[in-house]
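Colleague: here's my sequence, what's the structure:
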Amino acid sequence: MLSVPDIAPSHVRLLHALEPVVEANLNRHLALAKEWFPHTYVPWSAGADYDGPLGGRAWEPADSALPSAARTALVVNLLTEDNLPSYHRQIATLFGRDGAWGTWVGRWTAEEGRHGTAIRDYLLTIRGVDPCALERSRMIHMTQGFSSPHEDDPVHAIAYVTFQELATRISHRNTGRISGDPRCEALLARIAADENLHMVFYRDLLGALLEIAPDVAVRGLRDVVTDFRMPGHGIDNFARQARELAYAGVYDLRIHHDEVLLPLLRHTGVLHLAGLTGEAARAQQDLGDHLARLDAAATRFESRRAAALSAAARC
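Modeller: The predicted structure follows:
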């Protein structure tokens, strides 16, 4: 029998109703997932000892050949991955640790764990970032942890991770693209492949939710989409870093609208789901209105970015 946390009875019923879908998608995931080893993507021969007990050389800014935006993106992505203990606690508490749900939680955690390991090993080996600053940021961010305003609600949780996994996949791929290092691009493409399978898993659970409890699912989707924030939003100076990444084309409003929200909302069919009434119907309308506002905001940002880049090129 599936054990679940102390949450609302309606949520417990949804978790039970979804368990056959979880089991089917877990089996598909295990069949598709390819074994890979983080150490094979790290250019160990490029490494050297650092200062400290081993008597190596201290890091200097000139050591890093990575473009500024790539360094920022890699650190943001790594610190986000570092918060895995907080994410695991939330989904293990919410989804339970038994049955298909529990197996998925463990498998997802194990796969996500290697992402931080691989990115950190790569960065430290190539001397891509200040290792002391990175460790201090890790300590601060992990101490702060991560919490969701809907941590006891499986509908919001499934909706959130669906969008978040796709956003993370895109961020990793675009970071690799701007890094100027084929080794980095290969590593982040491998990580992005994991994130894509995670997204597909949660996307199909979201589709099942829309069939089982459409009114509840649409309201949850509206709440998540209209107030979406990446899991790393608590990183120190995140707003400044997010702006740098937006100007570099790693992740911006246009990407969020065109490559994350719109494809997933179209795939689920939620924008044209018939038979909704009351708050669910209003939530469906809110989703459409939000997409329109975001599209307009993305266009304005693109104009500002083009003007800024043009001005910088003239200097």
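Colleague: which elements pack onto the longest helix belonging to the chain?
Modeller: Using DSSP state H, we find that the single longest helix of the chain is helix 278-314. Secondary-structure packing of helix 278-314 (3 or more Cβ pairs under 8 Å, 6 or more residues apart in numbering; DSSP states H and E): helix 214-226, helix 238-247, helix 253-255, helix 262-268. Backbone N, C-alpha and C define where each C-beta goes, glycine included.
Colleague: can we see that at 6 Å?
Modeller: In terms of contacts (3 or more Cβ pairs under 6 Å, 6 or more residues apart in numbering; DSSP states H and E), helix 278-314 is packed against helix 214-226, helix 253-255.
Colleague: out of the ones you listed, which gets nearest to residue 182?
Modeller: helix 253-255 (22.8 Å; Cβ to Cβ).
Colleague: which residues touch the closest one?
Modeller: Helix 253-255 is contacted from outside by 297, 298, 301, using Cβ atoms under 6 Å, 6 or more residues apart in numbering.
Colleague: let's have the residues you listed in JSON lines, adding neighbour count and pLDDT.
Modeller: Shown next, in JSON lines, are these (neighbours: other Cβ atoms under 10 Å; pLDDT from 0 to 100):
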{"residue": "297", "neighbour count": "14", "pLDDT": "98"}
{"residue": "298", "neighbour count": "17", "pLDDT": "98"}
{"residue": "301", "neighbour count": "15", "pLDDT": "96"}
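Colleague: want to throw the residues you listed into JSON lines with distance to residue 225?
Modeller: JSON lines is the format used below for those (distance: Cβ to Cβ, whole Å):
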{"residue": "297", "distance to residue 225": "14"}
{"residue": "298", "distance to residue 225": "15"}
{"residue": "301", "distance to residue 225": "18"}
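Colleague: sorry, back to before: would you mind finding the most buried of the helices and strands packed on helix 278-314?
Modeller: Highest mean neighbour count of these: helix 214-226, a mean of 22 (counted as mean count of other Cβ atoms under 10 Å).
Colleague: same for that one, what does it pack against?
Modeller: When contacts are defined as 3+ Cβ pairs under 6 Å, 6+ apart, helix 214-226 sits against helix 154-178, helix 278-314.
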